[in-house]
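Novice: I need the structure of the sequence given here:
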Amino acid sequence: MDGIIVVNKKKGMTSFDVVKKIGNIFGTRKVGHTGTLDPLAEGVLLVCVGKACKIVELLTAYDKEYIAGVKLGIETDTYDIEGQVLKQSEVPKNLDLEKVLKSFQKTYLQEVPIYSAVKVNGKKLYEYARNNLEVKLPKKEVTIKDIQLLSQKDDTFTFQAHVTKGCYIRSLIHDIGEKLGTGACMTSLTRTRQGKVSIDEAYTLEDIEKGNYHIYSIEEVLDYPQIIVDKELEFKISNGVKIPNNWNIIDKVLFLNEKKKLLGIYEVDNQMLKTWKNFS
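Specialist: Okay, the predicted model is just below:
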């Protein structure tokens, strides 16, 4: 069993819970997810099985889209509604939410939330939080490529965002709350897209247990050029030989044989192409 399953994760489960369940269903330990979703969150979780685990880092790096629910006037330690309330504020009725949201359509240094698995000095940030230890929170450059207000009612609203790798929607909401001057926390989160794959293509764990699912091939989910090669090149690629970049590849390329079987993923190395992952 080699490929990618698009899981529609339910609230209340961790990403590891999903990986463990998929491993049990297919009877393998070669399983990995490609981007953590908190228990509060739901939606698209790409799970790699077998040889597809080789491309986890590529899928993790893809842009993601989310729909998030927000409550204004409340700040919590986890930046979401399930955390301990730290501060409550009055929410004015004349807030220009759309203007403030659009101001975040940019690249900026986002502070990683204390309740996250990012490591500082070998220790996960949430371990510092749980033990009441002080730590300087790291910042990561993220890009909000698009952000749209979807609905607004009293002190709540929902928005849709298209973001790059490493963006924490909880932190984005916290930052929005700070700019509004009201504070804010996340009430819901749904990942609707990761790379080429949308939530419309996702299956629940119940579906998968019943055999109602589709295994996507590596070629279907990666957004790189695909080239079918002859027998001579197939032999070289299968043996990891460097080859000339005759196709003007700028990053990575998938090579397939005449039967459209994936042989390997190559990457640019000066004027040549070298093996990134071999699948033959």
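Novice: so who does residue 87 touch?
Specialist: By CB atoms under 8 Å, 6 or more residues apart in numbering, the residues touching residue 87 are 74, 75, 183. Backbone N, C-alpha and C define where each C-beta goes, glycine included.
Novice: how about the contacts made by the second one?
Specialist: In other words, residue 75. Applying CB under 8 Å, 6+ apart to residue 75 gives the contacts 85, 86, 87, 88, 89, 174, 177, 183, 184, 185.
Novice: hmm, try it at 6 Å
Specialist: Each residue near residue 75 by CB atoms under 6 Å, 6 or more residues apart in numbering is listed here: 86, 87, 183.
Novice: tell me the helix or strand right after the strand or helix carrying the second one.
Specialist: Element membership of residue 87 [criterion: DSSP states H and E] is strand 85-88. Remark: after strand 85-88, the chain's next helix or strand is helix 97-102, criterion DSSP H and E.
Novice: can you pull the buried residues of that following helix?
Specialist: For helix 97-102, the buried set under the neighbour-count rule, 16 or more other CB atoms under 10 Å, comprises 100, 101.
Novice: chain center to that helix: distance?
Specialist: Computed by CA atoms, centre = their mean, to the nearest Å, the separation of helix 97-102 from the middle of its chain amounts to 24 Å.
Novice: show me what the helix or strand following that helix is packed up against.
Specialist: Per DSSP H and E, helix 97-102 leads on to strand 107-111 as the next helix or strand towards the C-terminus. With contacts defined as 3 or more CB pairs under 6 Å, 6 or more residues apart in numbering; DSSP states H and E, strand 107-111 has these neighbours: strand 139-153.
Novice: list the buried ones in the very next helix or strand once past the strand it packs on?
Specialist: As assigned by DSSP H and E, the chain's next helix or strand after strand 139-153 is strand 156-163. The neighbour-count check on strand 156-163 (16+ other CB under 10 Å) flags 157, 158, 159, 160, 161, 162, 163 as buried.
Novice: which of those sits closest to residue 25?
Specialist: residue 163 (30.5 Å; CB to CB).
Novice: can you tell me how far the spatially most central residue of the chain sits from residue 188?
Specialist: Per CA atoms, centre = their mean, the C-alpha nearest to the average position across the chain is that of residue 35, at 4.0 Å. Residue 35 sits 18 Å away from residue 188 when distances are taken as CB to CB, to the nearest Å.
Novice: try residue 276
Specialist: Between residue 276 and residue 188 the distance is 37 Å, computed by CB to CB.
Novice: domain ranges for the protein?
Specialist: Under the assignment named as automatic domain parsing, the residue ranges that make up the domains of the chain are 3-62+196-220, 64-194, 225-278.
Novice: how long is the first one end to end?
Specialist: Read it as domain 3-62+196-220. According to CA to CA, to the nearest Å, domain 3-62+196-220 extends 10 Å from its N-terminal end residue to its C-terminal end residue.
Novice: use 6 as the first number from now on
Specialist: Shifting the count to begin at 6 puts that one at domain 8-67+201-225.
Novice: from the chain's centroid, how far away is it?
Specialist: Relative to the centre of its chain, domain 8-67+201-225 is centred 11 Å away, using CA atoms, centre = their mean.
Novice: one more: the last one?
Specialist: In terms of CA atoms, centre = their mean, the centre of domain 230-283 is set 27 Å apart from its chain centre.
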